[in-house]
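**Student:** for reference, the sequence and a predicted model appear below.
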Amino acid sequence: DHARQALTHDTRNPLAPVVLALAQRELGDEAAANAVIGAGLESDRFNMLLRFLSGLDRARFFAEMRAEPAQTVLDMAFDLLGMGQYALTEALLADFGAHCGHTVMTALTLGYVRHLQGRDAGDAFEIAADAPLGDTYPVRAGEINVLSYALDRGFKRAAFLLGCEYYDKRQYARATALFERALRDEPDNYMVYRSLAVAYYSHMNRRGEALPLMRRALAMSNSEQLLYETAVLMDQLGAAPEEKLDLLLPRLPAMRRDDLFVEAAKAYNQARRPEKAREVLMNHVFTACEGGEHAIADQYMFSFFQEGARLERAGDYEAALESYTQALTLPASLGAGIWNRTKYVPYRYRIAGCLDKLGRRAEAEEIWREILRIDIDFFSNMYLPELPYYQALAAEKIGLQQRAWNLMGEARRSWTRELKRTDSGFFSTTPFFISFVQSAAELREAQYDYLLGLVSLYEGDGERAAKLFEKSCRINADHLFCQYYRDALAGGD
C-alpha cells in the first residue's frame, strides 16, 4: 500500500515499483509482481533493480550495465539491504563476483550480508584481501557498517578504507586515528601515507609531519597526482623553489600532466630564473582547460615581467619594453587565454613607463587613460584585486592627483574592512582538487596583507610594505607579484 501511494505521488520513483514487486512476490502474487516489473521497465529501462528482478540472464545483465558495474551493484545492494532483502542482496553480490570479479567493497559487503543472516563470511575476506579497489573509495553510509564489521574481524585493509569514509563525513580526528592504524596494517600502501599527510596538514594542526609522509609515499609510487600534491604542499610550507625543482626536474622527462609543468615553471619563476620557466612551458603542449587557462598564462607572462623589470632597472628601456610586450601574446601550445583584460594591467602599466622614458609620452598617456577606464567590479576583483593601485599610479602620471588619492583611500578602507571580516566561504575553496587545505582566515589575511602592502608602498612607507609582503608570502608562496614586490624592496632581482 505504501509503495502504491508513493507511485501515485511520484510515478517515476525508482524504488517504489521495486518495493511493490517484492511485496507482491512475498504475498505469492507472481503475476502481479511481473506486471509491475514490466510496467516499470517500460517507463525506465535502465532501472537496474527492476532489470535484476525481471529474471534477465545474469551474463547479459552485467554486460549491459552502462555505468561502472561495481558501483552500480553496490548502490543496488544497499537499496536492497534497506528493504531487508538479505538473501536477494547476497545473490546479487555473488552473481557480480562470478561474472565481473569482486572489488574489495563488493566482497566485503557480501561477507557482511552473510553475517546479517547469521552465517560466517565464508571466503569473502580472502577474496577482498587481493581484490582491486575499483574506481571509487567507499562513501556510502552503509559501507561504514561493512567496514566496521571487517575491522572488528581483523581485516587489514579495513582501517584505511574506513578512515576514508570518516574523512568524507568530516570526522577528521576519527579518520586520522584510522589512518594511523592503517600505517601498521598496510605499511606498503602509499595512499595511507598520503591520506595521513592530508589529515595532519589540513585538520589536525600537525603540518610539520605532512611532507615527510608525502616523501615516503612518493618513494613507493610514481603517481603524478601524488607528485603534484607534494609540490603544492611544499609551496604551502614555504619550501625553497630549489627544493621543489629538485623534486620535479628528475621526473620531468616522464611527466605528462599539465599541472606538473606549471608547477615546475612556477618554481623557476620563484627562483628568479624566468628563461627556464618559459623553457619548461614551451617544451610541453598543453590541453586547453576551461578554468585552467590563467594558471598556465600567469607563469608564462610573469617570466617576461621579471625579465622586463630587470632590464628596466638596468636602464635598458627598449629591451624592457620588448619583454613586457611579449608577455601579452600567448603561444598556441599553451592552450591558454585571458578572460579578463585586467590581467594585462601590470604589464601595460610597465609598458607605458618604458614608453615615457623613451620619449613616447603620447603613447604612454593613452595606456594610463585606458587603465583608468576599466571598471572596478566583481570580475576585476577576481582577476586583479590590486587594480585600484595601478589606477592610482596611472592617475598620478596624467596629473589626476585627487583621483589617485580617492582611489587609494577607498582601497585602504575596503581592504582593511575585508581583512577583518569573517570569511563567507570564498577562501575555504581549493582549486584544482588540491587536498591540502589552508585555513580560510590565513588565506584571507595573505590576500589583504598583500593589498595593504601596496597601499603602504604607494604612501611611501616601504618598511611597512616590506613586512606585509613578507607576511603574505609566508602564507601564500604562489603569489608571484607579492614575491616580486617583497624582493624589490629588499634589493633583490
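**Tutor:** Now that the structure is in, tell me what you want to look at. Owing to the predicted nature of the structure, the values given are computational and were not obtained by experimental measurement.
**Student:** residue contacts, residue 189?
**Tutor:** For residue 189, the residues meeting the contact criterion (C-beta atoms under 8 Å, 6 or more residues apart in numbering) are 160, 182. Quick note: C-beta positions are derived from backbone N, CA and C, even for glycine.
**Student:** ok, residue 297 - contacts?
**Tutor:** Per C-beta under 8 Å, 6+ apart, neighbours of residue 297: 330, 334, 336-338, 343.
**Student:** of the residues you listed, which is the nearest to residue 435?
**Tutor:** For residue 435, the nearest member of the contacts of residue 297 is residue 336. The distance, counting by C-beta to C-beta, is 24.5 Å.
**Student:** sorry, back to before: name the member of the contacts of residue 297 that has the highest neighbour count.
**Tutor:** Neighbours here mean other C-beta atoms under 10 Å. Within the contacts of residue 297, the largest count is held by residue 336, at 23 neighbours.
**Student:** and the pLDDT for that one?
**Tutor:** Residue 336 carries a pLDDT score of 86 in this model.
**Student:** before we move on, which element is it in?
**Tutor:** Taking DSSP states H and E as the criterion, no element holds residue 336; it sits outside all helices and strands.
**Student:** repeat that for residue 263.
**Tutor:** helix 258-270.
**Student:** the bottom helix or strand of this protein by mean pLDDT?
**Tutor:** The weakest-scoring helix or strand in the chain, judged by mean pLDDT, DSSP states H and E, is helix 2-9 (a mean of 74).
**Student:** so which elements touch that one?
**Tutor:** Other elements packing on helix 2-9 under the criterion 3 or more C-beta pairs under 8 Å, 6 or more residues apart in numbering; DSSP states H and E are helix 16-26.
**Student:** for the helix it packs on, list every residue counted as buried.
**Tutor:** By 16 or more other C-beta atoms under 10 Å, the buried positions in helix 16-26 come out as 16-25.
**Student:** again with stretch 55-72
**Tutor:** For stretch 55-72, burial by neighbour count (16+ other C-beta under 10 Å) applies to 61-62, 65, 69-71.
**Student:** which stretches of the stretch 201-350 of the chain form strands?
**Tutor:** Shown for the stretch 201-350 of the chain, no strands are assigned by DSSP state E, counting those that start in this stretch.
**Student:** just for it, where's the confidence low?
**Tutor:** Judged against pLDDT under 70, the low-scoring parts of the stretch 201-350 of the chain cover residues 291.
**Student:** the helices in it, which residues?
**Tutor:** 210-220, 224-236, 241-248, 258-270, 274-282, 293-313, 317-326, 345-357 (DSSP state H, counting those that start in this stretch).
**Student:** dump these into CSV; add distance to residue 461 as well.
**Tutor:** Written out in CSV, the entries for those read as follows (distance: least, C-beta to C-beta, whole Å):
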stretch, distance to residue 461
helix 210-220, 36
helix 224-236, 29
helix 241-248, 28
helix 258-270, 26
helix 274-282, 29
helix 293-313, 21
helix 317-326, 27
helix 345-357, 21
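**Student:** relative to residue 452, which of those helices is closest?
**Tutor:** Distances from residue 452 to each of those were compared using C-beta to C-beta; the minimum, 17.8 Å, belongs to helix 345-357.
**Student:** now the helix or strand just after that closest one and helix 345-357, what's the angle there?
**Tutor:** Read in the C-terminal direction, the helix or strand following helix 345-357 is helix 361-372, with elements assigned using DSSP H and E. For helix 361-372 against helix 345-357, the angle between stretch directions is 160 degrees (axes from the mean of the first three to the mean of the last three C-alpha atoms, to 10 degrees).
**Student:** buried residues in helix 361-372?
**Tutor:** Of all the residues in helix 361-372, those buried under the rule 16+ other C-beta under 10 Å are 364-365, 367-368, 371-372.
**Student:** and stretch 106-118, by the same measure?
**Tutor:** Within stretch 106-118, the residues that count as buried by 16+ other C-beta under 10 Å are 106-115.
**Student:** now, which of these sits nearest residue 467?
**Tutor:** Top of the list for closeness to residue 467, among the buried residues of stretch 106-118 and by C-beta to C-beta, is residue 108 at 55.3 Å.
**Student:** look up how far residue 350 lies from the closest one.
**Tutor:** Between residue 108 and residue 350 the distance, using C-beta to C-beta, to the nearest Å, works out to 61 Å.
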